[in-house]
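Visitor: no sequence on hand, only this structure:
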């Protein structure tokens with residue numbers, strides 16, 4: 001007993017949509033499932049289409065849905081540290097070496113922007129920028145003088 005291609009596309013679409021719930025893939029599986037439902041609709045209207053053409057239609061529908069859904073998603077923005085935020089040193093930062101600072105409630109690795117400068121522990125500093133997971137800081141007293 002051969003299964004009707006419409007039934008196969010409906011099952012494939014359902015499985016792909018359910019897989020998106022179990023393993024989220026940024027809506028890729030969902031769009032592929034919707035593409036399978038679209039092919040089931042085409043196969044219902046045009047039963048003479050061969051399996052190769054149906055698979056080609058599924059790939060075209062899936063790709064179109066994936067690319068179309070990307071325009072609806074919000075754009076990602078890179079996380080950046082705002083200029084000149086205050087932090088406090090947890091450890092001493094020796095010239096050319098790194099230490100630890102408390103910034104926004106978290107302990108961060110930090111280096112002094114001046115390679116010859118040292119910063120004492122428990123001193124207020126300004127965060128100039130972030131390089132990887134290291135903050136580049138300068139002592140607050142340097143700005144006030």
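Guide: Yes, it's here. None of the values given here were measured: they were computed from a predicted structure.

Visitor: next, count neighbours for residue 45.
Guide: Here the number of neighbours of residue 45 (other Cβ atoms under 10 Å) works out to 7. Quick note: C-beta positions are derived from backbone N, CA and C, even for glycine.

Visitor: can you classify the closest residue to residue 93 other than its chain neighbours as helix, strand or coil?
Guide: With Cβ to Cβ, 6 or more residues apart in numbering as the criterion, residue 93 has its nearest non-adjacent residue at 3.6 Å, and that residue is residue 99. Under DSSP: H, G, I helix; E, B strand; the rest coil, residue 99 falls in the strand class.

Visitor: what helices and strands are in contact with the longest helix seen in the chain?
Guide: Ranked by number of residues, the top helix in the chain under DSSP state H is helix 51-70. For helix 51-70, the packing partners by 3 or more Cβ pairs under 8 Å, 6 or more residues apart in numbering; DSSP states H and E come out as helix 5-22, helix 28-45.

Visitor: sorry, back to before: so who does the residue nearest to residue 93 touch?
Guide: Applying Cβ atoms under 8 Å, 6 or more residues apart in numbering to residue 99 gives the contacts 89, 90, 91, 92, 93, 109, 110, 111, 119, 121.

Visitor: list the contacts of the lowest-mean-pLDDT helix or strand in the chain.
Guide: In the chain, no helix or strand scores lower on mean pLDDT, DSSP states H and E than helix 140-144, which sits at a mean of 76. Outside helix 140-144, the residues within contact range by Cβ under 8 Å, 6+ apart are 86, 114, 117, 123, 124, 125, 126.
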